[in-house]
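# A predicted structure for the sequence below; I have some questions about it.
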Amino acid sequence: MSKKINETYTDEVKTVDADCCEPGCCEEESVGAVETAKDIKQVVREKYTEVVTADSGCCGPSCCSPGVETFFNESYDHLQGYTKDADYGLGCGIPTEFVNIQKGETVLDLGSGAGNDAFVAQQLVGKNGQVIGLDMTPAMIKKANENKEKLGVENVRFVLGDIEDMPLESDSVDVVISNCVMNLVPDKVKGYGEVYRVLKPGGRFSMSDIITVGELTQEVRHAAALYAGCVSGALQKEEYLDIVKQSGFKNIQLPKERMIELPDELLLQHLSAEALQDFRDSGASIYSITVVGEK
Ligand SMILES: C[S@@+](CC[C@H](N)C(=O)[O-])C[C@H]1O[C@@H](n2cnc3c(N)ncnc32)[C@H](O)[C@@H]1O
């Protein structure tokens with residue numbers, strides 16, 4: 001499984017760097033052959049560092065992912081705790097909506113970015129609760145801490161760390177949330193295993209993520225990744241849910257599933273008319289989902 005994921009990441013990185021970014025933005029060094037999980041993580045770090053440090057004109061908020069905002073992320077305007085400076089349009093759902101977060105609970109947000117979901121969770125847990133945001137990109141942690149300073153909230157902390165090996169105690173959190181991150185994790189078995197480990201018995205999780213239904217050809221994956229990012233590492237739905245189940249979770253449900261429309265005009269920029277027809281005939285597609293479960 002990991003080989004397949006590595007290959008697809010390799011394809012995305014090469015394609016994106018070749019076709020999308022302006023010169024000087026996504027440097028050549030980040031193109032190279034992506035062969036190991038370590039390399040994948042380095043590329044992911046570089047990409048999200050660019051996202052959060054780009055001033056303008058080059059890689060914008062959805063660096064190397066034109067269209068991502070329109071097609072994946074949802075509006076947070078109506079949520080208490082919404083913080084515009086933390087919203088880079090990088091999510092693909094609203095994980096806090098489906099996990100009934102209670103006052104006083106401890107919530108862990110995986111791949112917390114600039115803190116978009118963490119600050120919403122902070123409102124839900126109230127002043128007696130705790131929120132931990134975990135991210136492996138130092139620039140994201142820095143931005144999240146700047147946002148925290150501006151908000152003046154005490155009970156949120158951002159921790160630098162890897163989802164596959166979290167620097168957190170076992171059985172220590174009530175709720176794990178995550179928004180469009182697990183698809184970027186090379187070893188999802190390890191990632192979900194860690195989610196299980198850090199949750200208290202009876203703890204819950206809610207993950208918004210990208211999956212595929214049916215087999216996507218490499219060509220379609222390339223085109224989709226250029227358009228909307230976060231597709232290259234996406235697993236098929238059954239495989240994804242199997243990992244969640246095998247990790248030990250129960251009461252696994254999918255309260256939200258949304259098909260991502262990929263317009264013909266876009267696909268035709270990267271696919272032949274014949275390949276497009278094959279894709280349409282196959283019935284395969286990309287979905288954003290939110291999956292919930294309990295330990
Ligand atoms: C698509 S962005 C989502 C950010 C945030 N959840 C949001 O909705 O704004 C993915 C984030 O996950 C982080 N990330 C990716 N893989 C990770 C890993 N293995 N461990 C920790 N963080 C990771 C990246 O650094 C990035 O900040």
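The structure has been received and is ready for your questions.
# What average pLDDT does the helix or strand where V176 lies get?
Here V176, judged by DSSP states H and E, is contained in strand 173-179. The average pLDDT within strand 173-179 is 98.
# and that strand, which strands flank it?
The pairing partners recorded for strand 173-179 under DSSP bridges are strand 106-110 (parallel), strand 199-213 (parallel).
# As a markdown table, the ones you listed with distance to E164 would be great.
Every C-beta, even on glycine, is put in place using the N, C-alpha and C of the backbone. Below are these laid out as a markdown table (distance: least, Cβ to Cβ, whole Å):
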| stretch | distance to E164 |
| --- | --- |
| strand 106-110 | 11 |
| strand 199-213 | 15 |
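# So for the ligand, which of those strands sits nearest?
strand 106-110 (6.5 Å; Cβ to the nearest ligand atom).
# Relative to the whole chain's centre, how far out is the closest one?
Remark: strand 106-110 is offset 14 Å from the chain centroid, using Cα atoms, centre = their mean, to the nearest Å.
# Now look at it and say if it contacts the ligand.
No. Taking Cβ under 6 Å from any ligand atom as the criterion, strand 106-110 and the ligand are apart, separated by no less than 6.5 Å.
# and what of stretch 174-191?
Yes. Shown here: stretch 174-191 in contact with the ligand (Cβ under 6 Å from any ligand atom) through 179-181, 184-185.
# Quote the end-to-end distance of that stretch.
Across stretch 174-191, the terminal residues are separated by 17 Å (Cα to Cα, to the nearest Å).
# Would you mark the buried spots in that stretch?
Neighbour counts over stretch 174-191 (16 or more other Cβ atoms under 10 Å) mark 174-188, 190-191 as buried.
# Also stretch 129-147?
Across stretch 129-147, burial judged by 16+ other Cβ under 10 Å covers 129-137, 139-145, 147.
# got the contact list for L124?
80-81, 96, 101-103, 107 (Cβ atoms under 8 Å, 6 or more residues apart in numbering).
# Assign R221 to helix, strand or coil.
Under DSSP: H, G, I helix; E, B strand; the rest coil, R221 falls in the helix class.
# mind checking how far it is from the ligand?
17 Å (Cβ to the nearest ligand atom, to the nearest Å).
# Wait, that residue touches G233, no?
No. Using Cβ atoms under 8 Å, R221 makes no contact with G233, being 9.9 Å away.
# Could you look over the strands paired with strand 173-179 and pick the most buried one?
Neighbour counts (mean count of other Cβ atoms under 10 Å) averaged over each of the strands paired with strand 173-179 peak at strand 106-110, with a mean of 26.
# need the helix or strand of the chain with the lowest average pLDDT.
Every helix and strand in the chain was compared by mean pLDDT, DSSP states H and E; the lowest is helix 2-19, with a mean of 33.
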